[in-house]
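>>> need a structure here:
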Amino acid sequence: MLAGAVAPAQTECDILVWADEFDGTGLDPQRWHIQTGTGTAYGLTAWGNNELQTYTAAPENLSVDGGLLRITALDIPSGNSAYTSARIRTAGLAAFAGGRIEARVRVPAGQGLWPAFWMLPEEARYGGWAVSGELDIMEVLGHDPSRLHCTVHYGGSYPCNSNTGSSVVGPDLSADFHTYGVEWSDGEITWLLDGAPVHTLTAAGLGGRFWPFDRPFHLLLNLAVGGNWPGSPDANTPFPAELAVDWVRVWQSADHAWVRGRTAVTAGPLAEAYAVPALPGATYAWSVDGGTLVGPSDGPDTEVVWQDGISAGEIRCAITAEGCEAEPARAIDIAHVGGACAFPLAGFEPGGGDRAAWSCGYGAIEVLANGNASPANPSARCLQFVGTPEGDDRVSFVTDALSDASALTSGAFVFAVDVFTNTPAGTEIRLSLGRQGVAAAQSSYTTVTASTYAWHTVYFDELLGVPSNMDINTLNEFTLRPAPGSPWTSTFLFDNLRLVDAACVPVGVDDAPVTDAWSVRAAGEGVLEVYDAAGQQVRVYDATGRLLAEVRAESDPLRLDGLGTGLRVVVLETGTSRSVWLP
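Just a heads-up that it's a prediction; the model follows:
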């Protein structure tokens, strides 16, 4: 750290959990790894951006002296590269989920120079780049040194990735040291320049796409030369070019902590892991509703086995650190529970809370207002998919809800989705289940639409195949393929993606026999009727299970549960059930 440098003020609850002041005479191997080469050792060509440098560990490119880390780019050829520079990271040594993360840096100026302070996921939990995210705290292009770029990368695997952010114009950032950072909390990231907020992004800012910034990320510092974005150096680019770093620091606190781990789970016996930040000197007390703690109750990490027979739970951790107290909590949806028909995955509503989000697609995809709302689907928003004439249309979803997919591959549960389309009734839709960003075996299912220009539910209850080498415990992606191979441009609206208990899949739409003595029939928009064995109407319900009319009083051998788009009918004497869905 440079003499006289002053650290920016923090909140009273912030605790310094990691730092490098670069006060030694070499890079600390307990804090940083050096990456070398052109990216081939990491599965990349020219580091994925057509960059022109080779990274080295040579002292001419990477040194620590005078209280500074110095990364120096040189116009000295190495192998097939015209330039050399350096890149370091904390992967395997330190990673953080949330907190205030800052570095005091002086960037170089010059055409083709590309300094960066950024973060990548410690584990590709949701799939390959950029599904699991990338957080760029600071990028400055040398030809425009007054502009700070604040960016995240997300979405599908390359080339289906997306990015969003902001560029902030200020003083010439290459003229002096500046402090670059982020304040990262649950579902929100704010970028800081010299301690002042300059841009904020929330999960809603990804336009309904998957928010991967809920897991630990490690730090990177590098100085690239050339590439797709900055372009190549020119005759006026100054070499040597230096990225100088005074310090890097990470603060975390109890009051900005959140509980990490799956929020959509399967009831036991599989234990689910949960964690909060490990704060120096902190005390922890975990508690849970709807489950049993099977891990430590007094540390930053624990495990829970969730209870069968209920559909919702909650996990909490009371944290006390540096005199500050907080109790972050997380609501849990529990699948495969007795008496529950549907387990929601995605509804695209403004309030969020979805357990799945679209990440990638081939076709025009947009979350928009449901302009065709009806009793069959009164939702405010839905996902619009417009196909391409070339075919092979699809839209993929990332989810953390499939901790154990055996119930799907066995047929105990099926996928269901509400559909509105301009294609003819009988149009096929396929669904595959696999792992995002990984060329691995997938199971596949099929169904067909039942009507045109009307909301209705389709069930993927026809299994086309499950490869024997598919690992059902690592799945996190499902892909819809509307009208596979069709030559026309088709439009589909999708909504209310969910897992449905196979016992709730309707046995018929127009006439669903429940027992020899009873049947339920769909009769007009939003209305279902119960008939006896003689064909006489007994009762009339809407799809929420509300009794609209009782033609005659009868003993009640049935229980009718409203499903929103139909009724689940339970025979009380035997416990068996059938369902009928609205047409």
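
>>> what's in contact with the helix or strand harbouring Glu325?
Using DSSP states H and E, Glu325 sits within strand 324-326. Residues from elsewhere that reach strand 324-326, judged by Cβ atoms under 8 Å, 6 or more residues apart in numbering: Glu12, Cys13, Ser253, Ala254, Asp255, Ala257, Ala318, Ile319. In this view, the C-beta of every residue, glycine as well, is placed from N, C-alpha and C.

>>> give the helix, strand or coil label for Gly205.
Here Gly205 takes the helix state, with states given by DSSP: H, G, I helix; E, B strand; the rest coil.

>>> I misspoke; the intended subject was Gly128.
From three-state DSSP, the assignment for Gly128 is coil.

>>> is it correct that it is in contact with Gly156?
No: assessed by Cβ atoms under 8 Å, Gly128 is found out of contact with Gly156, at 9.4 Å.

>>> of these two, who's got more company?
A count of neighbours by other Cβ atoms under 10 Å puts Gly156 above the other of Gly128 and Gly156, at 25 against 17.

>>> follow-up on the earlier one: give me the subset of the contacts of strand 324-326 lying in helices.
Applying DSSP state H to these, no entry is found in helices.

>>> would you list the residues you listed in TSV and tack on distance to Ala95?
Shown next, in TSV, are the contacts of strand 324-326 (distance: Cβ to Cβ, whole Å):
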residue	distance to Ala95
Glu12	25
Cys13	21
Ser253	17
Ala254	19
Asp255	21
Ala257	15
Ala318	24
Ile319	19
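
>>> among those, which ones are buried?
Buried subset of these (neighbour count, 16 or more other Cβ atoms under 10 Å): Cys13, Ser253, Ala254, Ala257, Ala318, Ile319.

>>> stretch 290-305: end-to-end distance?
9 Å (Cα to Cα, to the nearest Å).

>>> show me what Val367 is bridged to.
Leu383 (DSSP bridges).

>>> same check, this time on Ala549
Those that pair with Ala549 in a beta bridge, by DSSP bridges, are Val540.

>>> and it, what's its pLDDT?
pLDDT recorded at Ala549 is 70.

>>> now do Gly208
For Gly208, the pLDDT comes out at 74.

>>> mind checking how far it is from Cys382?
10 Å (Cβ to Cβ, to the nearest Å).

>>> overlap in contacts of those two?
Common contacts of Gly208 and Cys382 (Cβ under 8 Å, 6+ apart): Phe348, Val367.

>>> who has more neighbours out of those two?
Between Gly208 and Cys382, counted using other Cβ under 10 Å, Cys382 has the larger neighbour count: 27 against 21.

>>> same question for the strand holding Glu325, mean pLDDT?
Computed over strand 324-326, the mean pLDDT rounds to 94.

>>> in that strand, what counts as buried?
Under 16+ other Cβ under 10 Å, the buried positions of strand 324-326 are Cys324, Ala326.

>>> helices or strands up against the helix or strand just after it?
Scanning forward in sequence from strand 324-326 by DSSP H and E, the next helix or strand is strand 329-335. With contacts taken as 3 or more Cβ pairs under 8 Å, 6 or more residues apart in numbering; DSSP states H and E, strand 329-335 sits against strand 264-266, strand 312-321, strand 342-346.

>>> circling back to that earlier point, any chance of the contacts of strand 324-326 in TSV, plus distance to His199 and pLDDT?
Listed next are the contacts of strand 324-326 as TSV, based on distance: Cβ to Cβ, whole Å; pLDDT from 0 to 100:
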residue	distance to His199	pLDDT
Glu12	25	82
Cys13	24	90
Ser253	21	94
Ala254	26	93
Asp255	22	89
Ala257	23	94
Ala318	33	97
Ile319	29	97
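
>>> show me those residues that map onto strands.
The members of those that map onto strands under DSSP state E are Ala318, Ile319.

>>> which two among the contacts of strand 324-326 are spaced furthest apart?
The most widely separated members of these are Glu12 and Ala318, with 18.8 Å between them, by Cβ to Cβ.

>>> what strands line up against the helix or strand in which Thr200 is found, and which way round?
Secondary-structure assignment from DSSP H and E places Thr200 in strand 196-202. Strands adjacent to strand 196-202 in the sheet, as given by DSSP bridges, are strand 188-193 (antiparallel).

>>> pLDDT weak spots in the stretch 1-150 of the chain?
For the stretch 1-150 of the chain, the stretches with pLDDT under 70 are 1-10.
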